[in-house]
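K.L.:
here's a sequence, model it:
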Amino acid sequence: MKPIIHCIILDDEPLAVRLMQDHAQKVPSLHVLYAGSDVYAAINIMNTQKIDLVFLDIQMPELTGMEIMKLFNRQHNFIITSAYQEYALDAFQFHVVDFLLKPITFNRFYQSVEKFIQWQDSFKLSEQPDHLFVRADRKHHKIAFGDILYIEGVKDYICIHTARERIMVLENMKDMLEKLPTNRFIRIHRSYIIPTDKIKLIEGNRIRMQNLEYVPIGETYRKWVSEWVENK
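P.N.:
Numbering: from 1, shown residues only. The predicted structure follows:
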């Protein structure tokens with residue numbers, strides 16, 4: 001399920017506002033907190049509530065779209081909606097997400113929202129830590145994700161294998177998997193989690209890692225591994 005995107009639609013044309021509202025209602029992840037032409041009402045909401053995205057017309061009464069973006073100094077993510085293509089260059093100087101040229105079709109609107117979601121996802125990935133801390137032998141060990149060769153379940157413990165050491169941690173595989181970035185690790189067996197960038201080759205029902213060790217693919221995990229390979 002995609003996270004909810006709290007947004008504002010600000011346009012001086014009532015028909016354009018209604019059209020954008022209709023488009024937004026067709027996208028389940030969008031939650032419109034304000035849709036209208038009152039610049040100061042919108043600014044008040046932007047100052048007092050969590051706003052993820054603003055659909056903003058350039059030609060607004062009292063304050064232009066450019067002036068509104070300057071006012072917030074890029075604190076909000078903007079998608080520009082305008083009937084005048086000549087404003088596009090100036091708009092992109094504010095690093096806007098997209099520029100929608102009126103009349104705006106639903107398909108173009110939806111593409112723009114998806115572009116924003118992808119940008120958000122890439123930003124979140126860039127903010128992810130590159131390590132985790134585990135407690136073992138009454139100490140907290142900092143382990144870089146890039147140092148992990150594979151993780152092995154051993155009864156009530158897990159063993160984190162790196163090139164330099166093996167660290168035994170009192171934890172289960174499920175909880176450990178939740179601490180790892182999903183774009184870098186995959187569970188291939190009830191007893192094995194591996195980093196995908198350390199895979200050398202897949203040979204039948206086992207995987208050869210870059211350190212030349214083989215790890216088995218569990219029967220219930222074979223479909224997941226196959227799907228992962230197909231999507232790469």
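K.L.:
going forward, measure contacts between C-alpha atoms and count neighbours the same way
P.N.:
Fine.
K.L.:
okay, the helix or strand encompassing Leu132 in CSV with CA atoms only?
P.N.:
Leu132 is part of strand 131-136, with elements assigned from DSSP states H and E. Provided in CSV are the C-alpha atoms of strand 131-136 (Å, rounded to 0.1, in the frame of the first residue of the first chain):
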residue,chain,number,x,y,z
HIS,A,131,25.0,-0.2,8.8
LEU,A,132,23.2,-1.8,11.8
PHE,A,133,24.1,-2.3,15.4
VAL,A,134,23.8,-5.8,17.1
ARG,A,135,24.4,-6.8,20.7
ALA,A,136,26.7,-9.8,21.2
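K.L.:
sheet partners, orientation included, of it?
P.N.:
Strands that pair with strand 131-136, judged by DSSP bridges, come out as strand 139-144 (antiparallel).
K.L.:
next secondary structure after the partner strand?
P.N.:
strand 148-154.
K.L.:
contacts for the next helix or strand after that following strand?
P.N.:
Following strand 148-154 in sequence order, the next helix or strand is strand 157-162 (DSSP H and E). Identification of contacts with strand 157-162 by CA atoms under 8 Å, 6 or more residues apart in numbering yields 147-153, 166-173.
K.L.:
most neighbours, which of the residues you listed?
P.N.:
Ile151 (24 neighbours; other CA atoms under 10 Å).
K.L.:
buried ones in the longest helix anywhere in the chain?
P.N.:
For the chain, the longest helix by residue count, based on DSSP state H, is helix 106-127. Residues of helix 106-127 classed as buried by neighbour count (16 or more other CA atoms under 10 Å): 106, 109, 112-113, 116-117.
K.L.:
mind listing residues that contact that helix?
P.N.:
23, 27, 79, 97-98, 100.
K.L.:
any of these buried? List them.
P.N.:
Applying 16+ other CA under 10 Å to these flags 23, 79, 97-98, 100 as buried.
K.L.:
pLDDT value on Ile51, please?
P.N.:
Per-residue confidence (pLDDT) for Ile51: 89.
K.L.:
thinking it is in contact with Leu30, fair?
P.N.:
No - Ile51 lies out of contact with Leu30 (CA atoms under 8 Å); the separation is 11.2 Å.
K.L.:
what angle do the strand holding Leu132 and strand 148-154 make?
P.N.:
With axes from the mean of the first three to the mean of the last three CA atoms, to 10 degrees as the basis, strand 131-136 and strand 148-154 are set at 40 degrees to each other.
K.L.:
in strand 131-136, what's buried?
P.N.:
The neighbour-count check on strand 131-136 (16+ other CA under 10 Å) flags Val134 as buried.
K.L.:
report the inter-axis angle for it versus strand 157-162.
P.N.:
Here strand 131-136 runs at an angle of 130 degrees relative to strand 157-162 (the same axes, to 10 degrees).
K.L.:
now do strand 131-136, average pLDDT.
P.N.:
For strand 131-136, the mean per-residue pLDDT is 88.
K.L.:
and the contacts of that strand?
P.N.:
140-145, 167-170, 179.
K.L.:
can you tell me which of those is closest to Arg206?
P.N.:
Arg206 lies nearest to Phe145 out of the contacts of strand 131-136, by CA to CA, at 22.1 Å.
K.L.:
perfect, that will be all.
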